[in-house]
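Engineer: sequence-free structure coming up:
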């Protein structure tokens, strides 16, 4: 005879807290934060992960939701939401640096007015920035970084107990430092193309002075676009290695953030 295990108030409270933490991460991490992904799919994946992790977390202590009053319940839920928002913020900052590099590249190539709508932020971005963003997402999947996020979700319950998130000065300093790295990463990604186009502009400037009969604007724009695309093509293998290093560092920083947040 099959016996159905009794569901207690403890199990319901634990299920709600785990669902809030995992769903907040799912809604914020790359790929799933795209507005083109149906909400029902995000909710379904969140529930699937909760059902997979729930047996491992069933005996983990947690703050009471129904016995501690409405204020304590809301505070516990907000703490779990903050974990997912923090992890998603770090991933969003990395992809923002990729788009910033694409904006710099597009401006140097003369694509500053060739914009497309970014489906994530619903704002206009340079076509090169959108290209860089899509390449970063494809590499995110090909390198298996989505599995690293699932690992981070699992280990977050050991590093940050349920209801144990704390917003400390060390955490704020780490987030501010990570945000400042957007421009450093953007410059590193766009440096080869920017240097090549700078040399191209210097050569065109010399030609404009030595051969004044040449219409430098008609010659310059196609030359800059062609050179920019050529540099992007040749630098693609190096970009793959750089993205891999950035993703590895991202998850290393995520685990450090979790340790600081959980006071471990």
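Structural biologist: All right, it came through fine. This one's a predicted model, so the numbers in the text were calculated from it and none came from an experiment. Numbers count the residues shown, from 1 in each chain.
Engineer: low-scoring stretches of the stretch 101-250 of the chain, by residue?
Structural biologist: Where the stretch 101-250 of the chain drops to pLDDT under 70, the residues are 111-125.
Engineer: now do 80
Structural biologist: In the prediction, the stretch 101-250 of the chain carries residues with pLDDT under 80 at positions 106-130, 143-150, 152-157, 159-171, 178-180, 204-205, 207-209, 211-222, 225, 236.
Engineer: mind listing the strands in it by residue range?
Structural biologist: Ranges of strands in the stretch 101-250 of the chain, per DSSP state E, counting those that start in this stretch, are 115-117, 124-126.
Engineer: Test my guess that residue 22 contacts residue 52.
Structural biologist: No: counting by CB atoms under 8 Å, residue 22 stays clear of residue 52, with 9.8 Å between them. Just so you know, the C-beta spots here come from the backbone N, C-alpha and C atoms, and that holds for glycine as well.
Engineer: These two: which is more packed in?
Structural biologist: residue 22 (26 against 12; other CB atoms under 10 Å).
Engineer: can you tell me the helix or strand for that one?
Structural biologist: Residue 22 is part of helix 9-28 when elements are defined by DSSP states H and E.
Engineer: And the contacts of that helix?
Structural biologist: Outside helix 9-28, the residues that touch it by CB atoms under 8 Å, 6 or more residues apart in numbering are 32-33, 42-43, 45-47, 49-50, 53-54, 57-58, 60, 62, 64-67, 76-77, 80-81, 83-85, 87-89, 91-92, 149, 152-153, 156-157, 162-163.
Engineer: Could I get the contacting residues of the residue of the chain positioned farthest from its centre?
Structural biologist: Using CA atoms, centre = their mean, the residue of the chain lying farthest from its centre is residue 213. It sits 49.7 Å away. By CB under 8 Å, 6+ apart, the contact list for residue 213 is empty.
Engineer: Quick check: phi and psi on it?
Structural biologist: When quoted as degrees, to the nearest 10, the phi and psi of residue 213 stand at phi -70, psi -20.
Engineer: And residue 211, by the same measure?
Structural biologist: Backbone torsions for residue 211, taken as degrees, to the nearest 10, come to phi -120, psi 80.
Engineer: what about it, how many neighbours?
Structural biologist: For residue 211, the neighbour count with other CB under 10 Å is 9.
Engineer: same deal with residue 152?
Structural biologist: 19.
Engineer: Work out for me the element the residue lying closest to it once chain neighbours are set aside sits within.
Structural biologist: If the residues on either side of it in the chain are set aside, residue 152 comes closest to residue 254, at 5.6 Å by CB to CB, 6 or more residues apart in numbering. Using DSSP H and E, residue 254 maps to helix 236-261.
Engineer: So what's the gap between that helix and the chain middle?
Structural biologist: A distance of 10 Å separates the centroid of the chain from that of helix 236-261, by CA atoms, centre = their mean, to the nearest Å.
Engineer: for it, packing partners?
Structural biologist: Other helices and strands packing on helix 236-261, by 3 or more CB pairs under 8 Å, 6 or more residues apart in numbering; DSSP states H and E, are helix 70-109, helix 127-142, helix 145-159, helix 169-210.
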